[in-house]
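Colleague: have a look; sequence and predicted model below, questions after that.
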Amino acid sequence: MTTTPLLRVQGLTKTFRMYHLDSMLHAFEDISFDLYQGEFLLLRGHNGAGKSTLLRTIWRSYLPVAGQVLYASSHGEIDLANAADVDIALLRREEIGFVTQFLNARPRVAAQDIVAEPLRLAGATQAEALDQARHWLDQFGVRPELWRAYPSTFSGGEQQKVNLARALILPQKLLLLDEPTASLDVGARAALVRRLADLKAHGVAIIGVFHHPGDVAELIDREINLNTRVIADQSAEEEHVAV
Amino acid sequence: MSLDLGLPALERAAPRLMRTEPLLNMRDISKSYGNVRALRHVDAAVYPGEVMGIVGESGSGKSTLLRMMNLEDTPDSGDYTLRLPGRENENLFDLTRYERRMLCARNIGIVYQNPHLGLLMKHSSSGNVAERLLIAGERSFEVLRDKAREALDASEFPLDRMDARPIELSGGMQQRVQLAKAIALEPALLLLDEPTTGLDVSVQALVLDTLKRLQRDRRITMVLVSHDLGVIRTMADRVMVMRHGEVVEQGLADQVFQDPQHPYTQQLVHAKL
Amino acid sequence: MSLASLTKDWAATSYGFLDASAKRELRRKMLKAIAVPGCQMPYASREVPMARGWGTGGLQVTLTLVNSASVVKVIDQGADDGVNAASIRRFISRVSGASETWDTLDATIVQSRHRIPEEIMREDQVLVLQVPNPEPLRGVEPNISIARQMHADADYGKLWLTLYEQIVRKGRIMQGASYPAMVNGRHVMTPSPIPRWDVPKLNMAQHLTFLSAGREKRLHAVPPYTRVEPLVFSDRPYQVEDHADLTCRRSGVRGFFMNELPQDGGGSVFEVSDSNLGIKAIDKTEGSAIEIGETWYRNGEYSA
């Protein structure tokens, strides 16, 4: 583990301003933490505490209103809160992964091709990438007869396995997990934990939100409880601040 | 309208990681038609390999901007550069009509909403593709044939109908012919002006799917104009939201859709989803 | 010095029928046309005692060029003795005092409808072609303003496309007469309805050619020693009509462009289209001291 953090979150604040309601919604305020390589950080908090929002703010689906997300990319340090869109797009392609519960299944693309795509984009040959893809589909318990099928027709559980195989096939530097175990069966859940442990051992830093944190208990290094944030209690969230 | 958004500005001044320069760069484009200000100080940058979506309602200036990108019209002020070999610092609006036409034929493909704008309805489909190659100087009949076949195939057009006239084809097939014509010369930039508007929903999905495949396999830089947020959401990496000739918001597609900053974008997103 | 010495007597018509200002306009346009080979120049197109569409364009150019030392040959589809050709020839000689001829070698001005004589024309000769439609882009772009812009931009993609379409639909290029040709590498012209057989004769020709359309009020020119290249695909060579092996039933000449005369039995016989060439050949076989000039085609092969 290096001494400089991979991620330094400082004073991060997210507020949604909803013009049609003429109101503000405070998601979280003044969040600060450091994350090192190979660390596993668990975000705790009740529903609506802002766990997913924090992940999405780091991922930059949401724009923070204050604070910094300093990330030590292999191209140099950059503030994810303020970086140019193209840089974010590059980092999402190369270094930062985000796993949600939902697969973005595209019509007429086979499961194994969806999984292999990140490797292909990273420069692997078609054969290598497919080989790896089949390995991970197998690990997550997707039956071989489905590998060449189109996942848009799969059940929710099977889609999620494909989604995980794709998200975790390429080791990244930072991995954001938003309830990845939801709708997974026991076997797939075990495969996921094995893969996460493996990635962690290789130095991947992970921030996760889990419905059942017990699944990954042995991986967790630290926790942040968003319930304890001053602003994050229910009353504050429902208070509509006039603008 | 002055809005105190208290949020990161549209153009972030943060130091850049990537050295990549935009393929397309438009700066401070303004255009009036009589009293109508169609575009007001619009800036646009499109990076190699990405899909830029432009949304806005009718009259927002999005199609005008696309026509400028295709050099069909010139603005009252502003400049436009494309990073093509040897032309990096050339304001394309300064080119003569002939130079513009040759540059477009070789480097820019366009698919219009209305196939009558993009196709010669009474010539064969393969001929429509071949015309683009003929303008660029190809003079071998067999090469024309092969390249037309290849482009139509890449657009997933049924090759047994390659010599049918577009007027005999369905709307979805006409769009595929337009697409084949647009990509025949492997352009640096592909412009799509409401390419699936007016098609049946199922046909629309198939055409979009073809576009996605092309984008994935060939890494063609695309600019997609649509009033349909669903289309933009499926296709675009980044999004520009236009209203009354101005860019009110731009950002990564997921950010614009999940966390729209401008009141107009919020209204748009909430209205359409 | 008196007024009488400075003016001319009253005459019913000007010399060469057209008045001086009409000729001046035509000369300017003809010079411009020479300066920009293949580019169509608009002109006023005056009234001449002939209906529009019957060769008024060619006639106006000839009347502008002609002088009393000129020797004029007029042919219609290759023949000197057609009613129209004979009338035009007699009209020209009557208004200008020029002499008339049927022999290509003797002529200084050859006005023609739809043919170029088979004998090679010289630097001191001018060919004037009567053109019904001077616009090669008419078929692909009916709007004249846009067509002019396309010429300015050398935008001939659609024209090429019509040739592509002919191959796709029929397996070969169907364009017979008026085959579009690129002049001096810049402007595409339609060389009046001359057969494909005649188009190569314009390429790097020694003589000057004017192509004039009186009804359409436009003329263009091919100056001497100017490239005229028919539009062809690199892998579909230009082909002239299949007349190389045909023999004229009257004169016995062989390897020239022929008129086909269908027979009652269903077959055809052929006569040489350049009728004076046939006449000269007959005279020669009958023992007259007739000179037949060098021809563009020899033994049916283009060789100039």
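Modeller: Right, received. Where do you want to start? Small disclaimer: the values here were computed from a predicted structure and weren't measured.
Colleague: what pLDDT does C:Thr295 get?
Modeller: We have a pLDDT of 95 for C:Thr295.
Colleague: around chain B, pick out the residues from chain C.
Modeller: C:149, C:152-158, C:160-161, C:164-165, C:167-169, C:233-236 (Cβ under 8 Å from any Cβ of the partner chain). Every residue, glycine included, has its C-beta placed from N, CA and C.
Colleague: same question for chain A.
Modeller: Counting by Cβ under 8 Å from any Cβ, chain A sits next to chain B at A:16-20, A:56, A:60-63, A:65, A:73, A:75-76, A:78-79, A:81-91, A:106-108, A:117.
Colleague: and the residue nearest the centre of chain C, bridged to which residues?
Modeller: With distances taken as Cα atoms, centre = their mean, the residue of chain C nearest its centroid is C:Leu129 (2.8 Å). Taking DSSP bridges as the rule, C:Leu129 bridges to C:Ser112, C:Leu211.
Colleague: quick one: contacts for the residue in chain A positioned nearest to chain C?
Modeller: Closest residue of chain A to chain C, Cβ to the nearest Cβ: A:Arg108 (31.1 Å). By Cβ atoms under 8 Å, 6 or more residues apart in numbering or on different chains, the contact list for A:Arg108 reads A:150, B:209.
Colleague: returning to that earlier point: of the residues of chain C next to chain B, which belong to strands?
Modeller: Nothing among the residues of chain C next to chain B maps onto strands, per DSSP state E.
Colleague: which of the residues you listed are buried, as a ChimeraX select command?
Modeller: To isolate the buried ones among the residues of chain C next to chain B in ChimeraX, judged by 16 or more other Cβ atoms under 10 Å in any protein chain shown, type:
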select /C:153,154,155,156,157,158,160,161,164,165,167,168,233,236
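Colleague: show me where chain B has its helices.
Modeller: Along chain B, the stretches classed as helices by DSSP state H are B:62-69, B:97-107, B:115-118, B:125-135, B:141-154, B:171-183, B:201-218, B:229-235, B:253-258, B:263-272.
Colleague: and C:Val66, how many neighbours?
Modeller: 25 (other Cβ atoms under 10 Å in any protein chain shown).
Colleague: hang on, it packs against C:Phe17?
Modeller: No. In this structure, C:Val66 is not within contact of C:Phe17 by Cβ atoms under 8 Å, at 9.5 Å.
Colleague: mutual contacts of those two, please.
Modeller: C:Ser96.
Colleague: can you check the pLDDT for the residue most central in space within chain B?
Modeller: The centre of chain B sits closest to B:Leu191, judged by Cα atoms, centre = their mean, with a distance of 2.0 Å. You'll see B:Leu191 listed with a pLDDT of 97.
Colleague: residues touching it, list them.
Modeller: B:Leu191 neighbours (Cβ under 8 Å, 6+ apart): B:66, B:69-70, B:108-111, B:182, B:222-223, B:225.
Colleague: contacting chain A as well, which ones from these?
Modeller: Okay, of the contacts of B:Leu191, nothing touches chain A (Cβ under 8 Å from any Cβ).
Colleague: secondary structure element holding the residue nearest the centre of chain A?
Modeller: Geometric centre of chain A, nearest residue: A:Leu176, 2.3 Å, by Cα atoms, centre = their mean. Per DSSP states H and E: A:Leu176 is located in strand A:174-178.
Colleague: now the next helix or strand along the chain from that strand: buried residues?
Modeller: For strand A:174-178, the following helix or strand on the C-terminal side (DSSP H and E) is helix A:186-201. Buried residues in helix A:186-201, counted by 16+ other Cβ under 10 Å: A:188-189, A:191-193, A:195-196, A:199-200.
Colleague: show me what the next helix or strand after helix A:186-201 is packed up against.
Modeller: Following helix A:186-201 in sequence order, the next helix or strand is strand A:205-209 (DSSP H and E). Judged by 3 or more Cβ pairs under 8 Å, 6 or more residues apart in numbering or on different chains; DSSP states H and E, strand A:205-209 is in contact with strand A:40-44, helix A:51-59, strand A:174-178, helix A:186-201.
Colleague: could you check the angle helix A:186-201 makes with strand A:205-209?
Modeller: 140 degrees (axes from the mean of the first three to the mean of the last three Cα atoms, to 10 degrees).
Colleague: can you check which helix is longest in chain C?
Modeller: helix C:20-35.
Colleague: report the distance from the helix or strand that that one is followed by to the chain centre.
Modeller: Scanning forward in sequence from helix C:20-35 by DSSP H and E, the next helix or strand is strand C:41-42. Put simply, strand C:41-42 sits 17 Å off its chain's centre (Cα atoms, centre = their mean, to the nearest Å).
Colleague: in chain A, which residue sits closest to chain B?
Modeller: Counting by Cβ to the nearest Cβ, chain A gets nearest chain B through A:Tyr19, at 3.7 Å.
Colleague: from B:Gly49, how far out is that residue?
Modeller: 34 Å (Cβ to Cβ, to the nearest Å).
Colleague: residue ranges of the strands in chain A, please?
Modeller: Under DSSP E, chain A gives strands at A:7-18, A:23-35, A:40-44, A:66-73, A:76-79, A:96-99, A:174-178, A:205-209, A:222-225.
Colleague: could those strands go into CSV alongside distance to A:Ala129 and mean pLDDT?
Modeller: Below are the strands of chain A laid out as CSV (distance: least, Cβ to Cβ, whole Å; pLDDT from 0 to 100):
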stretch, distance to A:Ala129, mean pLDDT
strand A:7-18, 28, 91
strand A:23-35, 29, 89
strand A:40-44, 27, 92
strand A:66-73, 24, 92
strand A:76-79, 28, 90
strand A:96-99, 16, 90
strand A:174-178, 20, 93
strand A:205-209, 24, 93
strand A:222-225, 34, 89
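Colleague: mind putting these into TSV with distance to C:Arg52?
Modeller: TSV is the format used below for those (distance: least, Cβ to Cβ, whole Å):
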stretch	distance to C:Arg52
strand A:7-18	76
strand A:23-35	80
strand A:40-44	89
strand A:66-73	78
strand A:76-79	77
strand A:96-99	77
strand A:174-178	81
strand A:205-209	86
strand A:222-225	93
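Colleague: closest to B:Ser126 out of those?
Modeller: With respect to B:Ser126, and counting by Cβ to Cβ, the nearest of the strands of chain A is strand A:96-99 at 44.1 Å.
Colleague: for C:Ile92, see how far away C:His207 is.
Modeller: 18 Å.
Colleague: now do residue 20, the pLDDT please.
Modeller: You didn't pick a chain, so chain A it is. 80.
Colleague: can you look at chain B instead?
Modeller: Taking B:Thr20 on its own, its pLDDT is 78.
Colleague: ok, it touching B:Pro48?
Modeller: Yes. With contact defined as Cβ under 8 Å, B:Thr20 reaches B:Pro48; the gap is 6.6 Å.
Colleague: so who does C:Asp106 touch?
Modeller: Applying Cβ under 8 Å, 6+ apart, the residues near C:Asp106 are C:71, C:73.
Colleague: again, only this time at 7 Å
Modeller: C:Val71 (Cβ atoms under 7 Å, 6 or more residues apart in numbering or on different chains).
Colleague: would you check how far apart it and chain A are?
Modeller: As judged by Cβ to the nearest Cβ, to the nearest Å, C:Asp106 and chain A stand 77 Å apart.
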